[in-house]
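J.: 3D model of this:
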Amino acid sequence: MNNINLEKLRETIEKLSKDPSLRRTKQTVSGEWNTSDPTKPQFKSIIKTEKGEYTLFADLPVPQGGSALAPAPIPYCLFGIASCFASTLVTVATLEGKKIDRLKLDITADMNMSRVFGLEDAPIIEKVTILVDLKIEGESEEALRTLIRLAEERCPAAYTLTRGTKLEVQLKKS
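T.: Residues are numbered from 1 along each chain as shown. Below you'll find the model as predicted:
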């Protein structure tokens, strides 16, 4: 249902219910800055999944010193938030037995670039707005809002944005 493997999802929930030690995981992404070739994007990362590897590239916009040879970091962040929210919403709806007819998201970040350039001590991302276009045949607006609220409560990206996560930056010892 909803392009979610419900059997696998329920199996995972059952495992996590029985063994709390399985609830904690780490995810790591490694990347490298291109310091010398202006014909290639500035940053490259290989993302691993259970079924393979995917290469992602990022490049700053031209006004920020890049060449725009790949998406900039902020659109990737917004993509991550949107895809995380969407997948959480679909998971919640699927667990509730609701077949989604349409789900589209528009995500917007209101930004102030002053801090990035050392001009002002102000928040960089002032607000993130997610506009959810959700249709489930036969469901009231109130029922849709309930699903959206549950997704907002359970989404890792939404939780991180609204409650904060500790950031620890360390210098790797050579």
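J.: who touches stretch 54-61?
T.: Stretch 54-61 is contacted from outside by 40-47, 66-73, 76, using Cβ atoms under 8 Å, 6 or more residues apart in numbering. Every C-beta, even on glycine, is put in place using the N, C-alpha and C of the backbone.
J.: go through these and flag which are in strands.
T.: 43-47 (DSSP state E).
J.: now the phi/psi pair for the residue nearest to Lys104 when sequence neighbours are not counted, please.
T.: Leaving aside its sequence neighbours, Lys104 sits nearest to Asp133 (Cβ to Cβ, 6 or more residues apart in numbering; 4.1 Å). Asp133 adopts backbone torsions of phi -110, psi 100, taken as degrees, to the nearest 10.
J.: and for Thr129?
T.: phi -120, psi 130.
J.: which residues does it bridge with?
T.: Thr108 (DSSP bridges).
J.: what is the burial count for Leu78?
T.: The tally of other residues near Leu78 (other Cβ atoms under 10 Å) stands at 20.
J.: not counting residues beside it along the chain, what's closest to it?
T.: Closest to Leu78 by Cβ to Cβ, 6+ apart is Ile107, at 4.9 Å.
J.: share the number of residues neighbouring the one you found, please.
T.: 19.
J.: same thing with Asn2?
T.: 15.
J.: one more: Ser83?
T.: 13.
J.: that older thread, which among the contacts of stretch 54-61 end up buried?
T.: 41-44, 66, 70-73, 76 (16 or more other Cβ atoms under 10 Å).
J.: the residues you listed in helices, which ones?
T.: Judged by DSSP state H, helices contain the following of the buried ones among the contacts of stretch 54-61: 73, 76.
J.: from the buried ones among the contacts of stretch 54-61, which is closest to Ile4?
T.: Set against Ile4, the nearest of those by Cβ to Cβ is Tyr76 (23.9 Å).
J.: which stretches in this protein count as helices?
T.: 6-18, 73-95, 141-154, 156-163.
J.: packing partners for the second one?
T.: Translated: helix 73-95. helix 6-18, strand 52-58, strand 102-111, strand 125-135, helix 141-154, helix 156-163 (3 or more Cβ pairs under 8 Å, 6 or more residues apart in numbering; DSSP states H and E).
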